[in-house]
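Novice: next one to model:
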Amino acid sequence: MSQGNPDIRQQVDANRGIAKKLELLIPGLRGYRTKEDLRASDSMLRNQVADKLDHVKDNLQQVRKQVASNNDLTNLTNVGSLIAQIQTLSGEVRHAAQGYSGWAASIQMTDDKLNKLYEYDYAFVSSVWQLDQATAPGALSYDGAAPNSIQSLLNGLSRSVGDIRQKWSQRIEAIQGVALGQ
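Specialist: I've put the predicted structure just below:
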């Protein structure tokens, strides 16, 4: 991850208890522990992204209240559509399958493959953070005197949500491709 954003994998490693540290010393358990820690890192990252998407949704709901109070049905529909898309994406990210690294897993995931997927997520995560900044109260506001002024911003946000959804889909495809041995 970037210099300003800590790598969650390092945090998970640093917070291992004594039992987990012992597992790393036992040859048969070392790989299992490492994969479980990477899985925990992925889960934490996805929850943070989903939380950020929920924050974007909250920002848009504030704009929707302003639009509704101005009886602007065109923009109300556009904002409502964005909120629905973000809510759906947040749920997909938060509840995506994590996989299983059991003793005799039918699909072997190496540490390198898991780390590559984790690094692949950086573009996805960065896009969500940028969307949050773009919907912040100072960056996105509704002017009831000029209701058309928000339409270009909403169109840009819609494109951003589409881009984020595409990155999420690519992540899923990459995981499935790895899972199929590609």
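
Novice: going by C-alpha atoms from here, please, whenever you check contacts or count neighbours.
Specialist: Will do.

Novice: give me the distance between Asn75 and Val93.
Specialist: 27 Å (CA to CA, to the nearest Å).

Novice: show residues contacting the helix or strand containing Ile86.
Specialist: Ile86 is part of helix 73-94, with elements assigned from DSSP states H and E. Outside of helix 73-94, the residues within contact range by CA atoms under 8 Å, 6 or more residues apart in numbering are 43, 46-47, 49-51, 53-54, 56-57, 60-61, 63-64, 67-68, 147, 150-151, 154, 157-158, 161, 165, 168.

Novice: Leu153: how many residues sit nearby?
Specialist: 16 (other CA atoms under 10 Å).

Novice: from now on call the first residue 654
Specialist: Sure thing, new numbering starts at 654, so read that last one as Leu806.

Novice: list the contacts of the residue lying closest to it once chain neighbours are set aside.
Specialist: Nearest residue to Leu806 in three dimensions, chain neighbours excluded: Leu793, at 7.6 Å (CA to CA, 6 or more residues apart in numbering). For Leu793, the set of contacting residues under the criterion of CA under 8 Å, 6+ apart consists of Val716, Ala787, Leu806.

Novice: please repeat the previous calculation with a cut-off of 10 Å.
Specialist: Asn712, Leu713, Gln715, Val716, Gln786, Ala787, Ile803, Leu806, Leu807, Leu810 (CA atoms under 10 Å, 6 or more residues apart in numbering).

Novice: tell me the pLDDT of it.
Specialist: Leu793 carries a pLDDT score of 92 in this model.

Novice: which SS class is it?
Specialist: Secondary structure state of Leu793, per DSSP: H, G, I helix; E, B strand; the rest coil, is coil.

Novice: and the helix or strand where Gln701 lies, what does it pack onto?
Specialist: When elements are defined using DSSP H and E, Gln701 is found to belong to helix 680-722. Applying 3 or more CA pairs under 10 Å, 6 or more residues apart in numbering; DSSP states H and E, one finds that helix 680-722 makes contact with helix 661-667, helix 671-678, helix 726-747, helix 764-787.

Novice: for the residue nearest to Leu806, give me phi and psi.
Specialist: Per-residue torsions, Leu793: phi -130, psi 110 (degrees, to the nearest 10).

Novice: ok, now how distant is it from Ala703?
Specialist: In this structure, Leu793 and Ala703 are separated by 20 Å, where distance is defined by CA to CA.

Novice: Leu810 now?
Specialist: With the distance defined as CA to CA, Leu810 ends up 17 Å from Ala703.
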